[in-house]
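**Student:** 3D, please:
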Amino acid sequence: MQIKALGHAVLRVRNLERSLAFYRDVLGMREVARYRGKMVFFSLGANHHDLGLMEIGTQAVDADPGAVGLYHLAFKVGDSLDELRAVKAELEASGVEILGMSDHRVSQSLYIVDPDGIELELYVDADPALWRADPAAVAHIGPLSLA
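**Tutor:** Numbering: from 1, shown residues only. Model (predicted):
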């Protein structure tokens, strides 16, 4: 067997409408379908759906940060630092806190959380020649300034 691509992810959320507003209105994802009032699906354009949200209710407990499971999802938001700066400005204008910014050599990233505390990485890629020449370059985290 050989996996060809990561197809989609589905996140459990407390309140579907609150999360829908964040992913659609703040992050700009396109809603493509709903299922039984408890799920919503988004497409980024190339696939029928890339992300799903499934409501599990307000009683849901936070995930234990020391437990096995999802650490974060990463979404490509452009191809240049200028695009990343624009995303940062849009997030700040929407009242979204930037938790951190990192230079990974192969990419540059902003980190935020969604309404349920799920960490998201919003990134732009650097020149692919960097990781093609040295695949280990992906294992780098340094400070990033977008001033």
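**Student:** What are the contacting residues of stretch 93-105?
**Tutor:** Stretch 93-105 is contacted from outside by 26, 88, 91-92, 108-113, 119, 123, 126, 130, 137-138, 140-146, using C-beta atoms under 8 Å, 6 or more residues apart in numbering. Where C-beta positions appear, they are placed from N, C-alpha and C, glycine not excepted.
**Student:** among those, which are in helices?
**Tutor:** K88, L91, E92, L130 (DSSP state H).
**Student:** from those residues, which is closest to Q59?
**Tutor:** L91 (29.0 Å; C-beta to C-beta).
**Student:** Just give me the neighbour total for the closest residue to H140 other than its chain neighbours.
**Tutor:** The shortest distance from H140 to any non-neighbouring residue, by C-beta to C-beta, 6 or more residues apart in numbering, is to R105 (4.4 Å). Applying other C-beta atoms under 10 Å, we find 18 other residues in the vicinity of R105.
**Student:** Tell me how far V96 lies from Y23.
**Tutor:** From V96 across to Y23, the span is 12 Å (C-beta to C-beta, to the nearest Å).
**Student:** Tell me which of those two has more neighbours.
**Tutor:** The neighbour comparison of V96 against Y23 (other C-beta under 10 Å) goes to Y23, with 22 against 19.
**Student:** That one belongs to a strand, doesn't it?
**Tutor:** No: per DSSP: H, G, I helix; E, B strand; the rest coil, Y23 lies outside any strand segment and is helix.
**Student:** Contacts only, for it.
**Tutor:** Contacts of Y23 by C-beta under 8 Å, 6+ apart are M29, F42, L51, L53, D114.
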